[in-house]
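J.: Here is a sequence with its predicted model. Questions after.
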Amino acid sequence: MKYIFLHGLGQVHSDWSDMIEGLDNEMDILCPNLSEWLSGKKASYFNLYHAMETYCEQQKEPIHLSGLSLGGILALHYTLEHPEKVASLVLMGTQYTMPKRMLRFQNMIFYLMPDKTFWKMGFGKKDFISLTKSMMDLNFKKDLPKINCKVLILCGEKDKVNKSASIELEQQISNAEFKIVPHAGHEINKENPVELAKIINRFYSGL
């Protein structure tokens, strides 16, 4: 089986590298670059999601799916629509209904940032803003009880913005467990990759 890790908005696939070093060597790991899925397409959440669907459908066996932030939203969405394809799910700093005020505030900040800040992430500034705008109305709350696979929900100790949503996710999903990753904020794959790898290894070994 494949173990697929989806990075957050503002990250690239190599941001998983330090964590992957601590994972079981026998895992067949894939870390796609999300920006490449939008190459030649309008930068919107649903274009990104449909590209992800195509990517996952290329895997013949069920997959172990993990995602951080935007990657977690994509992973959650795919699990709800394709439960037969997902053997397990790991959600890190993930919202299940979009905090519109926060997204609007983020976009205000993005408008003020120089264009060159965005290119290293694979997106132009306009694409970055377009993508976040297209996520405003996402809401998966009513479908959460439908998830049947085992789910690990993670949140950084210092990630105050996403902690309440993580706790609520555990309450809404029957096979879910919630853990705090110490000494980390939102980007737990970059801020405490060693502890993150330990937690994920324990989760997978218990499946």
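T.: Done, it's in.
J.: Give me the residue ranges of this protein where confidence is low.
T.: Low-confidence segments of the chain (pLDDT under 70): 119, 121.
J.: Helices of that one, start to end?
T.: 17-20, 34-37, 45-57, 70-81, 100-112, 116-119, 125-133, 160-172, 188-191, 193-205 (DSSP state H).
J.: Just tell me which of those ends up closest to Met1.
T.: helix 193-205 (10.2 Å; C-beta to C-beta). C-beta coordinates here come from the backbone N, C-alpha and C atoms, glycine included.
J.: how about the helices of the chain in JSON lines, adding distance to Asp28?
T.: Shown next, in JSON lines, are those (distance: least, C-beta to C-beta, whole Å):
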{"stretch": "helix 17-20", "distance to Asp28": "12"}
{"stretch": "helix 34-37", "distance to Asp28": "20"}
{"stretch": "helix 45-57", "distance to Asp28": "14"}
{"stretch": "helix 70-81", "distance to Asp28": "17"}
{"stretch": "helix 100-112", "distance to Asp28": "34"}
{"stretch": "helix 116-119", "distance to Asp28": "31"}
{"stretch": "helix 125-133", "distance to Asp28": "29"}
{"stretch": "helix 160-172", "distance to Asp28": "27"}
{"stretch": "helix 188-191", "distance to Asp28": "19"}
{"stretch": "helix 193-205", "distance to Asp28": "12"}
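J.: Need those helices in JSON lines (columns: mean neighbour count).
T.: Formatted as JSON lines, the helices of the chain follow (neighbours: other C-beta atoms under 10 Å):
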{"stretch": "helix 17-20", "mean neighbour count": "18"}
{"stretch": "helix 34-37", "mean neighbour count": "19"}
{"stretch": "helix 45-57", "mean neighbour count": "17"}
{"stretch": "helix 70-81", "mean neighbour count": "23"}
{"stretch": "helix 100-112", "mean neighbour count": "12"}
{"stretch": "helix 116-119", "mean neighbour count": "12"}
{"stretch": "helix 125-133", "mean neighbour count": "18"}
{"stretch": "helix 160-172", "mean neighbour count": "17"}
{"stretch": "helix 188-191", "mean neighbour count": "24"}
{"stretch": "helix 193-205", "mean neighbour count": "17"}
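J.: Nearest to Ile4, out of those helices?
T.: helix 45-57 (7.2 Å).
J.: on that earlier part again, to Tyr3, which of the helices of the chain lies closest?
T.: Tyr3 sits nearest to helix 193-205 of all the helices of the chain, at 7.8 Å, using C-beta to C-beta.
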